[in-house]
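*Asks:* predicted model, plus sequence, below.
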Amino acid sequence: MKMKDAKTVEGSSVMIAVMGKNVMIDKAKVTKADIKASNGVIHVIDTVLMPAK
């Protein structure tokens, strides 16, 4: 995993970190990665990400 952060559709940034065998997006754990969809690739996380107020 080479990326350290990514932009959301809304425009804010999220931090990406590898912790042991887990990939974390901010405080959310990636539970399933690389699901092919008709318009791209989906990564399932265990938390809803909300933009800052």
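*Replies:* Ah, there it is.
*Asks:* residue nearest the centroid of this structure?
*Replies:* With the centre of the chain defined as its mean C-alpha position, the nearest residue by C-alpha atoms, centre = their mean is Ile25, 4.2 Å away.
*Asks:* for Gly40, see how far away that one is.
*Replies:* Relative to Gly40, Ile25 is positioned 16 Å away (criterion: C-beta to C-beta, to the nearest Å). In short, each C-beta sits where N, CA and C put it, glycine included.
*Asks:* same check, this time on Thr31
*Replies:* Taken as C-beta to C-beta, the spacing of Thr31 relative to Gly40 amounts to 18 Å.
*Asks:* what about these two, which has more around it?
*Replies:* A side-by-side neighbour count of Thr31 and Gly40, using other C-beta atoms under 10 Å, places Thr31 first with 12 against 7.
*Asks:* so what pLDDT did the more buried one get?
*Replies:* Thr31 carries a pLDDT value of 98.
*Asks:* can you check the one 10 residues further on too?
*Replies:* Reported pLDDT at Val41 in the predicted model: 94.
*Asks:* who does it bridge with?
*Replies:* Judged by DSSP bridges, the bridge partners of Val41 are Lys36.
*Asks:* same thing with Asp5?
*Replies:* Using DSSP bridges, the bridge partners assigned to Asp5 are Met15.
*Asks:* returning to that earlier point: check contacts around the residue nearest to the centre of the chain.
*Replies:* Ile25 makes contacts with 6, 14-16, 43, 45, 49, as judged by C-beta atoms under 8 Å, 6 or more residues apart in numbering.
*Asks:* now, of these, which are buried?
*Replies:* Applying 16 or more other C-beta atoms under 10 Å to the contacts of Ile25, the neighbour count classes 16, 45 as buried.
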